[in-house]
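# structure, please.
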Amino acid sequence: SVIMEIRAGAGGDEAALFAGDLYRMYYRYALARNWKVDVTGQSEIGVGGYKYITFDVKGKGAFSRLKWESGVHRVQRVPATEAQGRIHTSTATVAVLPEMDAIEINLREDDLQEEFTLSSGAGGQNVQKNSSAVRLVHKPTGLVVEVQDQRSQLQNRQRARQILAARLYDLEMEKQRTELEGERRSQIGSGDRSEKIRTYNYPQSRVTDHRINFSSYNLPAVMDGDIDSFIDEMATRDQAERLSGAGDLGADAGDDD
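Now for the predicted structure:
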């Protein structure tokens, strides 16, 4: 199982709308594989978009499939508010974190700062039933986790610690990967959050994964959750890279193209 986070990047409201589109894409993909999706935190902009949305995906094989989705996703399309019909480019970031118990990271209470606020609700009588939201700050790294849903405050606190532990684990894995690889360039990309991994071009109905130079020309199907072709191709390339050996990759690292 995994924790996924989608955040609007460059592009204002259009980026937030794209973040919402990506969430719905992954939600439909998860449903098709009989996985369970549980939203744990979100900040909506009111027109179907999100500044950020955090959710769990639970099911067999979730991490092995979704781990390839981590990175910067770019959209090129004409926003609904664009009167001149000009194409805008916006981005959203996707993080895919392995779910794990906080105890595995050994979180120290002295390193944590907790804040509690009322969860946003549907209004009316439902407001009284909502538990308190939790904002957890890891002081050594500055990482911030916010969790709010319809469960108890205790469960929100436990969930915040699980998410924080997953983020710290991800940071440590990235540190180890960087130390091991050094300056060697991977054939399928480093997976760094700052990389543009995929472009969704609406006028051309094209989705291109830049890590493997692979495109689909059925964008509506992709946005409806049909992303297996990208994931399968990434997994195949990764397996081929592993079989080729570190020596071959080291020889390729000097190429500029």
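
# for the nearest residue to I45 once chain neighbours are set aside, give its distance to A166.
Excluding its sequence neighbours, the residue lying closest to I45 (CB to CB, 6 or more residues apart in numbering) is A16, at 4.6 Å. Any C-beta I mention is one placed from the backbone N, CA and C, and that applies to glycine too. Computed as CB to CB, to the nearest Å, the A16 to A166 distance reads 24 Å.

# do S244 as well
For S244, the distance to A166 - CB to CB - is 31 Å.

# same check on V207?
Distance from V207 to A166, by CB to CB: 28 Å.

# same deal with H210?
Taken as CB to CB, the span from H210 to A166 is 26 Å.

# more neighbours, the two?
Neighbour count, other CB atoms under 10 Å: between H210 and A166, A166 has more, with 24 against 16.

# quick one: that one is in a strand?
No: per DSSP: H, G, I helix; E, B strand; the rest coil, A166 lies outside any strand segment and is helix.

# okay, it: pLDDT?
With respect to pLDDT, A166 scores 86.

# same question, the one 4 residues further on
Model confidence at D170, given as pLDDT, is 83.

# now do the one 10 residues further on
According to the predicted model, the pLDDT of L180 comes to 45.

# tell me the strands beside the longest strand seen in the chain, with direction?
When the chain is parsed with DSSP state E, its longest strand is strand 88-98. Next to strand 88-98 in the sheet, as set by DSSP bridges, lie strand 2-8 (antiparallel), strand 71-77 (antiparallel).

# quick one: the helices in the protein?
Per DSSP state H, the chain carries helices over the ranges 13-32, 62-66, 153-181, 219-223, 228-244, 246-252.

# which one of these is the most hemmed in?
Counting by mean count of other CB atoms under 10 Å, helix 13-32 has the highest mean neighbour count of the helices of the chain, with a mean of 21.

# quick check: angle from that helix to helix 228-244?
80 degrees (axes from the mean of the first three to the mean of the last three CA atoms, to 10 degrees).

# which helices and strands does helix 13-32 pack with?
Packing partners of helix 13-32 (3 or more CB pairs under 8 Å, 6 or more residues apart in numbering; DSSP states H and E): strand 2-8, strand 36-44, strand 50-58, strand 71-77, strand 88-98, helix 219-223.

# packing partners of the third one?
Okay, so that is strand 50-58. strand 2-8, helix 13-32, strand 36-44.

# make TSV out of the ones you listed and add distance to F230.
Formatted as TSV, the helices and strands packed on strand 50-58 follow (distance: least, CB to CB, whole Å):
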stretch	distance to F230
strand 2-8	16
helix 13-32	11
strand 36-44	19
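
# reformat these as a markdown table; add mean pLDDT and distance to Y200.
Formatted as a markdown table, the helices and strands packed on strand 50-58 follow (pLDDT from 0 to 100; distance: least, CB to CB, whole Å):
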| stretch | mean pLDDT | distance to Y200 |
| --- | --- | --- |
| strand 2-8 | 91 | 14 |
| helix 13-32 | 95 | 8 |
| strand 36-44 | 92 | 21 |
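
# which of these sits closest to A92?
Of all the helices and strands packed on strand 50-58, helix 13-32 sits nearest to A92, with 4.3 Å by CB to CB.
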